[in-house]
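J.: curious how this folds, go ahead:
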Amino acid sequence: MAARSEPARLHSWGLAFGFWTVLALSYALSSGLSSISEGRDPGWLRGLTWNLADFYLWMLLAPGIGALGRRSAARGWPRFLALHVPTSIGVALGQTLLQLLVFWAVCGPGRMPVHTLGGFVTMEFAYKFQQGLVCYWVILAVLRGMESRRRLRDERLRSAALETQLAQSQLQALRMQLQPHFLFNTLNAISALALSDPAQARLMIARLADFLRLTLEERHAQQVPLARELQFLECYLAIQQVRFQDRLGVQWEVCEDTRMAEVPHLILQPLVENALRHGLLAKAEFGRLRIAAQRVGGELHLSVDDDGLGLPPGGATEGIGLGNTRARLRVLFGDNARLELRPRPEGGTCAEVRLPFVAGAA
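T.: Numbering: from 1, shown residues only. As a prediction, the model looks like this:
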């Protein structure tokens, strides 16, 4: 920690030194050019000494003024003024006397009408002291403004970090809800086959193990490439095809330019499960499932179509799977993603997810 803070401290002091030096040089240059325009000797050395002494003293005093301002910021205006009014008088007095002493020691009286340090201080004191008071309050106001801006920025960063943590917690909770739901339904199907067809039940158990292994490999990922998501889906459908035997056909229509798009992990499995359970399971004859992905402008469109029994007359009743999917899309993308469930004109149901197209790493 100390090794990192020391360079940062040196960098801050370097910036402060450069700022006050440029300020002093600009004032010295302005004073010299003004003297030349009035036909007088510019006195470059005296002007430079005067301004460097003035601004370098304020450079050394500024950290103390800032620290005092931070400690008194929360005390209210009466106590703030009660502290800074006498402090500003004392600081302005000390800075004025030090600057005049340094200037006199380096440059002497020159062509001034006074020839003693006391006379020089008397001549310059009122002007310099008033200027010192103004400088104190300007420095205090600027440093308080910078501190307030820094605090506001830090507060925004903390708020953004908390929002991110909350969103991650919500997504993790939703995934933890989804996986037992899927597992429960699959185990029910295996249980139904255990007595009637033990060989098929064992095959489903083996494929379920493969699916769970893939899921655990991505247990910390909120989004995965679509190609990876399709691997999960193929594994899941392999389980279901054992369950449906010869009554299920799967058609894939995935555009190549969508395979590296980032999608929420396990976003398609609830849609497929919903189509199988509510559309095709009760259908006695052969059923077909179509899974498609295409890019439309800046959006990725994912759809799961089935030619099953279709939506009930009162509309679909969303369970854990679809409700979970909507919630995850809302947390991840807000209003920029949506899930639509609609009947197909030729019969069956279409579930479509639209979300922003974000290309993942190749």
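J.: please enumerate the helices of this protein.
T.: 2-37, 44-72, 77-107, 117-196, 198-217, 226-244, 269-275, 320-333 (DSSP state H).
J.: relative to Glu253, which of those is closest?
T.: helix 226-244 (11.6 Å; C-beta to C-beta). All C-beta spots, glycine's among them, are computed from the backbone N, C-alpha and C.
J.: pick the most buried one from the helices of the chain.
T.: helix 269-275 (a mean of 23; mean count of other C-beta atoms under 10 Å).
J.: check contacts around Leu355.
T.: With contact taken as C-beta atoms under 8 Å, 6 or more residues apart in numbering, Leu355 is in contact with 263-264, 299-300, 302, 329, 332-333, 336-337.
J.: shouldn't Val358 be in contact with Ala261?
T.: Yes: applying C-beta atoms under 8 Å, one finds Val358 in contact with Ala261, separated by 6.5 Å.
J.: who's more crowded, those two?
T.: Taking other C-beta atoms under 10 Å, Val358 and Ala261 do not tie; Ala261 has more neighbours (22 against 13).
J.: so what's the more buried one bridging to?
T.: When assigned by DSSP bridges, Ala261 has beta-bridge partners Ala359.
J.: what distance do you get for it to Leu214?
T.: From Ala261 across to Leu214, the span is 19 Å (C-beta to C-beta, to the nearest Å).
J.: tell me where the model's unsure across the stretch 1-150 of the chain.
T.: Of all residues in the stretch 1-150 of the chain, those with pLDDT under 70 make up the ranges 1-5.
J.: most centrally placed residue in this structure?
T.: Ala160 (5.5 Å; C-alpha atoms, centre = their mean).
J.: check the residue nearest to Ala227 when sequence neighbours are not counted and give its pLDDT.
T.: Nearest non-adjacent residue to Ala227, counting by C-beta to C-beta, 6 or more residues apart in numbering: Arg259, 4.2 Å away. We note a pLDDT of 92 for Arg259 in this prediction.
J.: any idea how far Arg259 is from Thr21?
T.: 58 Å.
J.: give the contact list for the closest residue to Leu57 other than its chain neighbours.
T.: Nearest non-adjacent residue to Leu57, counting by C-beta to C-beta, 6+ apart: Gln95, 5.1 Å away. Taking C-beta under 8 Å, 6+ apart, we find Gln95 in contact with 57-58, 61, 132, 135.
J.: now the end-to-end length of stretch 235-253.
T.: Its start and end residues considered, stretch 235-253 measures 17 Å (C-alpha to C-alpha, to the nearest Å).
J.: buried residues of the lengthiest strand in the chain, list them for me.
T.: If you go by DSSP state E, the chain has its longest strand at strand 287-296. For strand 287-296, burial by neighbour count (16 or more other C-beta atoms under 10 Å) applies to 287, 289-293.
J.: any chance of these in JSON lines, with pLDDT too?
T.: Shown next, in JSON lines, are the buried residues of strand 287-296 (pLDDT from 0 to 100):
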{"residue": "Gly287", "pLDDT": "86"}
{"residue": "Leu289", "pLDDT": "91"}
{"residue": "Arg290", "pLDDT": "93"}
{"residue": "Ile291", "pLDDT": "95"}
{"residue": "Ala292", "pLDDT": "95"}
{"residue": "Ala293", "pLDDT": "95"}
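J.: can I get these in CSV with distance to Gln269?
T.: Shown next, in CSV, are the buried residues of strand 287-296 (distance: C-beta to C-beta, whole Å):
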residue, distance to Gln269
Gly287, 18
Leu289, 13
Arg290, 16
Ile291, 11
Ala292, 16
Ala293, 14
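J.: which of these lies closest to Ala105?
T.: Ala293 (80.8 Å).
J.: partner residues bridging the closest one?
T.: Val254, Leu302.
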